[in-house]
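In: sharing a model prediction with you, sequence too.
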Amino acid sequence: MLIDRLKEIVGPKGWVTDPVELAPRLLDWRGAVQGAALIQVSPSDVTQVSDIVRACADAGVAVVPQGGNTGMCAGAVPDGSGTQVLLSLGRMNAIRAIDSANFSMEVEAGCILENIQQAAVGAGRFFALSLGAEGSCQIGGNLATNAGGINVVKYGTARAQVLGLEAVLADGSIVSSLRSLRKDTAGYDLKQLFIGSEGTLGIISAATLKLYPDPGPRSTALIALQSSGQAVRLFAHLRERLSDSIEAFELVSGYVFGLVQKHIPGTALPFATSAPWYVLLQAVASEGDESLEDALLGAAETQLIDDAAVAKNSAEANAFWRMRHSIAEAERAEGKAQKHDISVPVSRLEEFLLRGDELLSKMVPDAQLVAFGHVGDGNLHYNVALPDGSNDGQRVTDAIYELVAETGGSFSAEHGIGSVKRKYLPRYRGGSEIALMRTLKRALDPNNILNPGKVI
Ligand code: FAD
Ligand code: 2HG
Ligand code: ZN
């Protein structure tokens, strides 16, 4: 029987069937999608992952990989049938090696992102991926979703942090491309198949990550603005003056920071009066570039900013970032908003924001926009809280996604597709792209056992 075979593979510490213990693993982070599972298995090495997948393939049973379960699209939650196997990577959490001279690090898929960042710092290096869930999300989940976060404007998404990868295929075989090379054109770049595929093409078991030199001290500023369009113009202004020194450039509405102050203890804005919009930005000190303070003074002279607070020390900078990283939690505490993780070219962001305002005020005047995001990447969390009992959710989402398409954007910027956005993929990735995605899925997982019902 499959269940006995799985218990045998992982040993007594490696499985859970108790419903109480399983419960938090079967509900997605937003509390919107509830699943069920035959068993949760937690392998301790890649051979066990391979044996689990082979046993499931032989039995024709689906496998759902799960990291920290912080994903926003319910991709890591099994369906409600109770027949799927939940494969948790959490026990595979070793940082195997740091090669300081090569600026690289080899890690297992279940490593918590924050532990990777700290290990890099311990070796005098910097790992660039950073996001609000970093204390609990795992690198395997980050790579499987091609996570973005706050540092994309300078360093790129999760995909850009990977030199090599090891994955287990749908028949249980192991593909190892765990090289640590910056240049390697020997054949297809196979690791890219698995990055961003949300567990539907293979189970990521380990990765070689790219490290950077320690960027040194940063300047962090919180800036008050009258309009979201001002933020887009400020970004252009500062990027010209500070070039690649900008690590993060985040937009947050006054309403959203109000939610943070309401729900997250010990948070406060450093201004006497509140503003409709804020930008939180971080820049590294770069020789030859203007200082952040001087660039901000220049922006104030041209009325691009209303007020600004530059962090005087790391405690103040951390307090600003704590407010930013707590937004998702504060929004969840206030009640579920309709999420739209969208991106448009930065050059069309202001147009999108203006047209979005117009659309919402006509369509759902009682709705509350819950907007924030990574302006430097053209990625907004354009979330909408509808009044209790409203039936407008679907209509609003459809209209926003159409506007995104008209402004040259994507309806899924950094959270992936999971199960909740799957129905939109054929509309916005139609024709030849979706056909090629299906060809890849069929080739790599002909019996559809890897995370079925997700993405495609
Ligand atoms: P999970 O949620 O466990 O899984 C996500 C998907 O990856 C699922 O489809 C799962 O099946 C698959 N998967 C997981 N592990 C593996 C593996 N080893 N092999 C193959 N497939 C696997 N995302 C951003 O991009 N930017 C942000 O700024 C950001 N901020 C966040 C802030 C908060 C407070 C929260 C709760 C979430 C945030 N997220 C953000 C969303 C989320 O994508 C990330 O938290 C993270 O990348 C998910 O990692 P995880 O380990 O929790 O993955
Ligand atoms: C963030 O940027 C995350 O904080 C979460 O991507 C976005 O909760 C959201 O909508
Ligand atoms: Zn985000």
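Out: Structure received. Ligands and ions are numbered 1, 2, ... in the order given.
In: how about the residues of the chain that lie near ligand 2?
Out: Neighbours of ligand 2 within the chain, by CB under 6 Å from any ligand atom: 132, 327-328, 331, 339, 381, 383. C-beta here means a position set from N, CA and C on the backbone, and glycine is covered the same way.
In: quick one: which of these is nearest residue 407?
Out: Among the residues of the chain next to ligand 2, residue 381 lies closest to residue 407 (CB to CB), at 16.2 Å.
In: and the closest one, how far from residue 66?
Out: 23 Å (CB to CB, to the nearest Å).
In: contact residues of the stretch 251-400 of the chain facing ligand 1?
Out: Counting by CB under 6 Å from any ligand atom, the stretch 251-400 of the chain sits next to ligand 1 at 328-329.
In: where do the strands sit along the stretch 251-400 of the chain?
Out: 277-284, 307-310, 341-343, 368-374, 379-385 (DSSP state E, counting those that start in this stretch).
In: neighbour count: residue 381 and residue 66, which is higher?
Out: Shown here are residue 381 and residue 66; by other CB atoms under 10 Å, residue 66 has more neighbours (27 against 24).
In: and the strands of the stretch 251-400 of the chain as TSV, adding distance to residue 212?
Out: TSV is the format used below for the strands of the stretch 251-400 of the chain (distance: least, CB to CB, whole Å):
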stretch	distance to residue 212
strand 277-284	10
strand 307-310	24
strand 341-343	24
strand 368-374	19
strand 379-385	22
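In: which one, of those strands, ends up nearest to residue 60?
Out: Among the strands of the stretch 251-400 of the chain, strand 341-343 sits nearest to residue 60 (CB to CB), with 33.8 Å.
In: mind giving me the packing neighbours of the closest one?
Out: The contact analysis (3 or more CB pairs under 8 Å, 6 or more residues apart in numbering; DSSP states H and E) places strand 341-343 against strand 379-385, helix 393-406.
In: recalculate using a threshold of 7 Å.
Out: Under the contact criterion of 3 or more CB pairs under 7 Å, 6 or more residues apart in numbering; DSSP states H and E, strand 341-343 touches strand 379-385.
In: give me the angle between the strand it packs on and helix 393-406.
Out: Using axes from the mean of the first three to the mean of the last three CA atoms, to 10 degrees, the direction of strand 379-385 lies 160 degrees away from that of helix 393-406.
In: hey, C-alpha coordinates of strand 379-385 in PDB?
Out: Taking C-alpha atoms only, strand 379-385 is exported to PDB below (Å, rounded to 0.1, in the frame of the first residue of the first chain):
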ATOM      1  CA  ASN A 379       4.800  45.800  -9.900                       C
ATOM      2  CA  LEU A 380       1.800  46.900  -7.800                       C
ATOM      3  CA  HIS A 381      -0.300  45.100  -5.300                       C
ATOM      4  CA  TYR A 382      -3.500  46.700  -6.600                       C
ATOM      5  CA  ASN A 383      -5.800  45.100  -4.000                       C
ATOM      6  CA  VAL A 384      -9.400  46.100  -3.600                       C
ATOM      7  CA  ALA A 385     -11.500  45.800  -0.400                       C
END
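In: list the residues that contact the nearest residue to residue 124 once chain neighbours are set aside.
Out: In space, and not counting its chain neighbours, residue 124 is closest to residue 214: 5.8 Å by CB to CB, 6 or more residues apart in numbering. With contact taken as CB atoms under 7 Å, 6 or more residues apart in numbering, residue 214 is in contact with 124-126.
In: quick check: residue 214 vs residue 123, distance?
Out: Taken as CB to CB, the span from residue 214 to residue 123 is 10 Å.
In: which positions in the stretch 1-150 of the chain make contact with ligand 1?
Out: 29, 64-72, 75-76, 89, 109, 131-133, 137-138, 140-142, 144-145, 147-149.
In: again, only using 5 Å
Out: 29, 65-72, 75-76, 89, 109, 131-133, 137-138, 140-142, 144-145, 147-149 (CB under 5 Å from any ligand atom).
In: contacts for the host helix or strand of residue 432?
Out: Counting by DSSP states H and E, the element that carries residue 432 is helix 431-444. For helix 431-444, the surrounding residues in contact (CB under 7 Å, 6+ apart) are 169-170, 200-202, 425-426, 456.
In: let's go with 6 Å and repeat that
Out: For helix 431-444, the external contacting residues (CB atoms under 6 Å, 6 or more residues apart in numbering) are 201, 426, 456.
In: understood, closing this out.
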